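Asker: what follows is a protein structure lacking sequence information:
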């Protein structure tokens, strides 16, 4: 047993850190640090920088342009990425669609789409959930009717994260309504520019536009855009959901968030002293730090286990449940650290160019405007990607049987 | 709205308090205070004293010898009783059997048994649960076969609390095995001296003998000891369970336990100062005190509501869940206050005549020997009388439907 | 011991329930939030007509002489309806302080409050004060026949619509002292006073105020010089108690909304309300809410007590408990609504945001737990 | 980064699992608890034969040179089997301190430990010390060619069967100082030493010791005068780390027992393991246990660190976390067993009692949370 990273791993970490220090644009880093409003441009710029370095797809196999990094190297990369304040890569493109294309896509699909993802030429969003089909995904109703060499798609998808920026969407559609729900589903790639597609914003509880409804009205999709076989989409969907949960714990981001929390608690004052010296608040920080220490080891244990162990659903579900709880707890403490200043809502302060108001400047720190909205927004983490209740169902199922 | 007790109620409280100060024997009080091993004799002596005062059955209607006290007066009586360190009355006799006899018993049964309960001439125990029939009580298997003017009882009851001291047991028995489970049950009164009854101790996790198994082998019970009608026992059983939950919150006992906790925390030392000045431990006391303050009001709201509201199962279930959680939390803090001295197990110290060991005397306070066992023992409170999971089922059932 | 409302109190409750249902629908409320004012002047006038604005003001000052229980009834309905009007700021805090400390001339201004013609805001909190009631660094210095005031007041609730501020300032002593704090009635257009208005997370309005040698007359002083501490503390306690009732109103509304959702929403072919894990969650939410309701009753009952130590214990017990319970109920209501819990278009997220804001007003859970906990070792 | 055990470690684990299954059944254990000694000398001899008693002792002193990971493997199995033998007292604490501080003559006594012929007990805790490692009021004064020791040592684990005590006493400084603490090897029959033996809540043995001017020779001193603090602290940290592994062993055994019970026990015609609320409880127990396991690994990995601050942070993090997790898992295992959880005749209550005792040994949750939390604002 050796809980230290190997010399090679430490060398790798240094290389990543130096790359980030040299190439991460300061304006992107500062927006991340201050929790400014999401800019699609940041994600694209940064992806192009990564691609130029040859690191466009750290999680992919070398056969498809990945670097063949070990899981531990990928973990180190993500930790350093988060620590430096660089954006994450688009999960819909990299962690969801790409593995499906690699496993089930045609060579033509692989050769066309994968390089475009790496080069930030395409932006993919996800067409899975529908109103009424959330945890019970197989009950989806969007149809695709074959007409010659096209499918004609009708229906509605929802919870489409960042869909307003996407030029492609991958969709689960029903191609056969006569059979058991799971057996009539297909997996389609759809160009968002196709006539008949309407994207409507859904405003979240923090007042921000992050998710969308996507409506399809007689949308014609070439049959070449079918992934794998018709009516086999449920298999691909489950495969995708398995990949969605890799790195679901978000250790790197939570470690960065915890450092930020400590910084905030050192800067905010209570009773004339730094808040972090208040034993009650400090205990709260300590409690979540312990959870995170434990989860980091739990995550690394999963990464270092052989492939068979790693695939165990229990571990992935634990990482999802605890990872989301920790993210939420840290965000809540960041907000609570503000005391009364958790109350103002200044959406304008989330704009990149906003500068603190002279009247409030001294009292209202630059990190303050984003924190309460962030807390509100992160309630989603225990709901999405298989709610924590679903994860516990999975754990119980694998332990107790049905 | 008036959260003060009325002048009459305060006068009543004073009367109760004076009575307790005058009549509660010091040796009983001290055993209660120090958590000594349960003495049946204490319960009997105290019941005789109450009876002599004319207060033998505070919770009963006047028609049966009760005092016609209001629910609030009963509450005050119990609070003062607990504060003074007097034993509670036997729930099996007073809160379970008696209401059933009053509602469904024959005049002969009422006239014979009720006065004997008040005079502490009979000690009743409960024959409800069986191995395999806990929460699912209606699946009970003990049979009573009619033979002339007797029933012949065969089977096994369990979890019979204090059964080793009882001279009577009330039992649910199956008198018809041909019908739906609930429809073939009868309610029998059985003299424990009848041949064929065997009482076997069950040792609890604290090493004490508090509960028993009761075995019936061809036990002949006169048909006069049938309560109500044959095969209607399930109705009476449910009626009894409803009464079991009155005063289930145990506010008086928990208030006394909380005072004891504060006393312990004032006496135990941490870092050279009283433990109660340690903010972290004091916060834990504060948290449970808030729960208890809230539950006291919740309980009083239920008592003061009109009879219809009071019967609402939701309120009783809340009182059971929170009441047991609070009892457990206080006992846990009492144990934790001892620090390393939570570890010794001195069962001999629970004997009434035990005097502290000279070697440990100064360090090991007189309250210490009972606390860890008490914590262990009280795990039962979230299990018995309808486990807290069953209570939540009830709340959900009444709120969401089935 | 009697938990019943009086007939008048029941009538008050019924009236407000009807008002909410009839005049304060969710879509209407969304429009109000988007409006410049942020609430409804029509509703405010109705409050006046219904006597809500005169409710806790003593009869001697033209009020109805109601008590904190009456206010609690109003606040619970404000919670259930997510009403946006500045009731707490104007009636509980503003009018309460004028009634407690004001000269007879100042008291006469309460008639305008009762009539709906005057709205007040308490400018008390300061950067770095967190929730310490006596952490006042703003300074007022006597000059000629008046006062010069300088300082920074933060997150002044309902400031943008107020026609008068009650500003706390230190006239003697040091930061943290109870004595030496004075209150001043100040017009928003006073020279030297500047305001940065903003929305709050729950869609209301507030502002930070800066006073740069703002000059006010001697008639601005509310009560005796340096003596406002105890009345201020009681006003803050009353506000905390009122928020407790508002939170309980929200929690019961959230429970109802969640129960309705679980009954309706289907997954895997059955209503999700049939899943035992969710059923037990609902049971836990109901238990928390009933317990919170008991604490809100306790807080309201003691909010009028003059004895600061005993009152403070009860208020802090209630606010600490209710903030915790509200956090649980709010978060779980969102969770059980799934994706529908985190969108703006359903009321559930608005209830949740209001509970989040309540937890950061007039002392958060840690503040009140600390205040209560300290009283244990002092006892 | 590598979480695999070595081949030797896997063999050790397998051996102990076989030993538990073959030689340490529940009924056998009950008899041992009722015996005068309270554990099995046969088992102890087997420990010696298997090399467990020599495991963490340096090869230079006749040991196997194992590390804290090896000890963790043993402790996890001790937890799963609820083994009663004084392994922690003799090997981790006793032998560990002699190895760390002893003269070569004292070190030579470790051979007897390794052979199973000597059992040790650390007499360190004192009334009022709670879990402060440097709260030592027992005094040792040099007299002629030896020492005179007076004081009270409380809850000395495994004292009744020990043939030597390691007693901490203050030779200089004041209560709470790290420096000025010395350790002494003392025979139980030393004049002036009296013992009150008793059982512990989990069926083991311990004692309070009184020293009334107990006289020992100069060769009783372990290490240099007044310098034992750091070694003592590390021994206590190692003991806490070992308990973490023991607790994780118990928690996984409890989870397994509970899963088996839920699969078997029927109510309302179906196994109670089909009720979703209970299924989610099991999921929560498994999650807690996996997280606790990670913390136990962290503690074992750092237990051998010489840097006290870094080590202490990790040990306290682990013990605070695991005490909390063990409390949850233990209480829920009892709860899910219903009535069968609170009786003596099933193993579940015995596991629960052992977890309860572990939570009160070598620092409780509050002690370790405090130690960890303080390191945050110091950082």
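Answerer: Alright, I've got the coordinates. Owing to the predicted nature of the structure, the values given are computational and were not obtained by experimental measurement. Residues are numbered from 1 along each chain as shown, chains lettered A, B, ... in the order given.

Asker: low pLDDT regions in the stretch 101-250 of chain A?
Answerer: By pLDDT under 70, the weakly predicted segments of the stretch 101-250 of chain A are A:244-246.

Asker: any chance you could map the strands in it?
Answerer: A:124-127, A:143-147, A:150-157, A:168-174, A:185-191, A:197-203, A:209-222, A:226-227 (DSSP state E, counting those that start in this stretch).

Asker: just those strands: most buried one?
Answerer: Counting by mean count of other CB atoms under 10 Å in any protein chain shown, strand A:124-127 has the highest mean neighbour count of the strands of the stretch 101-250 of chain A, with a mean of 26. To be clear about C-beta, it is placed using only N, CA and C from the backbone, and glycine gets the same treatment.

Asker: packing partners for that strand?
Answerer: strand A:168-174, strand A:209-222 (3 or more CB pairs under 8 Å, 6 or more residues apart in numbering or on different chains; DSSP states H and E).

Asker: how about the residues of the stretch 201-350 of chain C near chain A?
Answerer: C:201-203, C:206, C:208, C:210, C:266-269, C:275, C:277-278, C:331, C:334-335, C:338-339, C:341-345, C:349-350 (CB under 8 Å from any CB of the partner chain).

Asker: give me the domain ranges for the chain.
Answerer: I'll assume chain A. When chain A is parsed with automatic domain parsing, its domains come out as A:7-89, A:124-231, A:248-400.

Asker: oops, chain C please
Answerer: According to automatic domain parsing, the ranges for chain C are C:7-117, C:121-226, C:230-378.

Asker: the closest residue to chain B within the stretch 101-250 of chain A: how many residues sit nearby?
Answerer: For the stretch 101-250 of chain A and chain B, the shortest gap (CB to the nearest CB) falls at residue A:135, measuring 18.6 Å. For residue A:135, the neighbour count with other CB atoms under 10 Å in any protein chain shown is 17.

Asker: do the one 3 residues further on as well
Answerer: When neighbours are defined as other CB under 10 Å, residue A:138 has 17 of them.

Asker: what does residue A:355 give?
Answerer: The burial count for residue A:355: 9, using other CB under 10 Å.

Asker: now do the strand or helix carrying residue C:278: distance to the chain's middle.
Answerer: Assessed by DSSP states H and E, residue C:278 sits inside helix C:276-303. What separates the centre of helix C:276-303 from the centre of its chain is 20 Å, taken as CA atoms, centre = their mean, to the nearest Å.

Asker: what's whichever helix or strand comes after it packed up against?
Answerer: Once the chain leaves helix C:276-303, the next helix or strand it forms, by DSSP H and E, is helix C:308-336. Packing partners of helix C:308-336 (3+ CB pairs under 8 Å, 6+ apart): helix B:279-304, helix C:229-264, helix C:276-303, helix C:347-358, helix C:365-378.

Asker: for residue A:31, which residues are in contact?
Answerer: A:39, A:42, A:352 (CB atoms under 8 Å, 6 or more residues apart in numbering or on different chains).

Asker: one more time with 10 Å, if that's ok
Answerer: A:25, A:37, A:38, A:39, A:42, A:85, A:87, A:350, A:351, A:352 (CB atoms under 10 Å, 6 or more residues apart in numbering or on different chains).

Asker: okay, now the third one: neighbour count?
Answerer: The number of residues packed near residue A:38 is 17, by other CB under 10 Å.

Asker: try the fifth one
Answerer: Counted with other CB under 10 Å, residues neighbouring residue A:42 total 19.

Asker: list the buried residues in the helix or strand containing it.
Answerer: Using DSSP H and E, residue A:42 sits in helix A:40-53. Within helix A:40-53, the residues that qualify as buried are A:42, A:43, A:44, A:45, A:46, A:47, A:49, A:50, A:51, counting by 16 or more other CB atoms under 10 Å in any protein chain shown.
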